[in-house]
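Colleague: quick one, what's the 3D model for this:
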Amino acid sequence: MSAPLTASAATAAIAPGAMPATGFWRRALRHRSFVLGAVLSLSVLGAALLSLVWTPWSATDIDIASKLRPPSAAHWLGTDVLGRDIVSLLLVGARSTILVGVIAVGIGLSFGVCLGLVAAARKGWTEELIMRMSDFTFAFPAVLSAIMLAAVAGPGMVTSITAIGIFQIPTFVRVTRGSANAIWAREFVLAARAAGKGSFRITIEHVLPNILSILIVQATIQFALAILAEAALSYLGLGTQPPQPSWGRMLNDAQTLLFQSPMLAVYPGAAIAIAVLGLNLLGDGLRDLLDPRLARER
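Modeller: Residues are numbered from 1 along each chain as shown. Down below sits the predicted model:
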């Protein structure tokens, strides 16, 4: 009869992070979705970082005499109805979009993961209460939450961050609870409990490391959804406010000029599509690469 497997040994055996780093990157560079998603996502991130140190023109300066100019050497993509440079607006708009997305997903991830882990560890009425609160939160989508918050505190970037972040929480709660429940049923967790470890220690040492890859993939997908939500709120006037540029705000400004200057709507729409597509492809690639079963098949 073989000796029983210890909790630490079992965790190391199934932990997704146990795979060698060199092997991971070797497979990642062969994964088309991951590579394409990483290139698109890094392009958007690079545009946001570039806007911190350089833009062709000031994104807030208004020059009515130069409004609706076609692409030229001075203005690579032309100007909008207020004479602002389109390239500068896109670069600074990327910064606003990423800032809202990162903070909103961070809110959802931090609160959602903690609540999901508690629900999986405590069971009983605690789990029931947390899950019913999550169901209640799902009844208020980001747009509706933003409308309610705007009525109280006024529209703005903080309003959009809060609304999107609150809507992200129940998603992470459900994903974390479902994944953690599967880990709690594994033999190495039972061995850890038999060794005298408490629920908190088991959650930190064994449960969380084994669901980390799932949370990373989910965060990537939720980031893409947060970008879409931010653009929608800015388009409706509930998100980022002038003079701060935003891709959604650019779409709102261009809607009355679709027949006169249709490209004013194409540029921010393409930027949103590139960012969302890149994150979705990146999430799909990470899912394939971090899943041990799919990793063995590649």
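Colleague: so how far is stretch 49-59 from its chain's centroid?
Modeller: 24 Å (CA atoms, centre = their mean, to the nearest Å).
Colleague: that one spans what distance, first to last residue?
Modeller: Using CA to CA, to the nearest Å, one end of stretch 49-59 lies 15 Å from the other.
Colleague: quick check: buried residues in that stretch?
Modeller: Using 16 or more other CB atoms under 10 Å as the burial criterion, the residues of stretch 49-59 that qualify are Ser51, Thr55, Trp57, Ala59. From N, CA and C alone the C-beta is placed, and that goes for glycine too.
Colleague: wait, what's in contact with the residue nearest to the spatial centre of the chain?
Modeller: Among the residues of the chain, the one closest to the centroid is Phe223, at 1.3 Å (CA atoms, centre = their mean). Applying CB atoms under 8 Å, 6 or more residues apart in numbering to Phe223 gives the contacts Gly101, Val102, Val105, Leu279.
Colleague: now do 7 Å
Modeller: Contacts for Phe223 were tallied using CB atoms under 7 Å, 6 or more residues apart in numbering; they are Gly101, Val105, Leu279.
Colleague: how close does it get to Leu212?
Modeller: 16 Å (CB to CB, to the nearest Å).
Colleague: what does Leu279 give?
Modeller: 18 Å.
Colleague: more neighbours: these two, which one.
Modeller: Per other CB atoms under 10 Å, whichever of Leu279 and Leu212 has more neighbours is Leu279, with 24 against 16.
Colleague: which residue, neighbours along the chain excluded, lies closest to the more buried one?
Modeller: Ala224 (3.8 Å; CB to CB, 6 or more residues apart in numbering).
Colleague: quick one: residues contacting the one you found.
Modeller: Contacts of Ala224 (CB under 7 Å, 6+ apart): Val276, Leu279, Asn280.
Colleague: now tabulate those residues in CSV and tack on distance to Phe111, pLDDT and secondary structure.
Modeller: Listed next are the contacts of Ala224 as CSV, based on distance: CB to CB, whole Å; pLDDT from 0 to 100; DSSP: H, G, I helix; E, B strand; the rest coil:
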residue, distance to Phe111, pLDDT, secondary structure
Val276, 24, 97, helix
Leu279, 21, 96, helix
Asn280, 24, 95, helix
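Colleague: buried stuff in stretch 222-237?
Modeller: So stretch 222-237, judged by 16+ other CB under 10 Å, has buried residues 222-236.
Colleague: now do stretch 121-137
Modeller: Ala121, Glu127, Ile130, Met131, Ser134, Thr137.
Colleague: now the last one: which helix or strand?
Modeller: Going back to what we said before, that points to Thr137. Thr137 belongs to helix 124-138 when assigned by DSSP states H and E.
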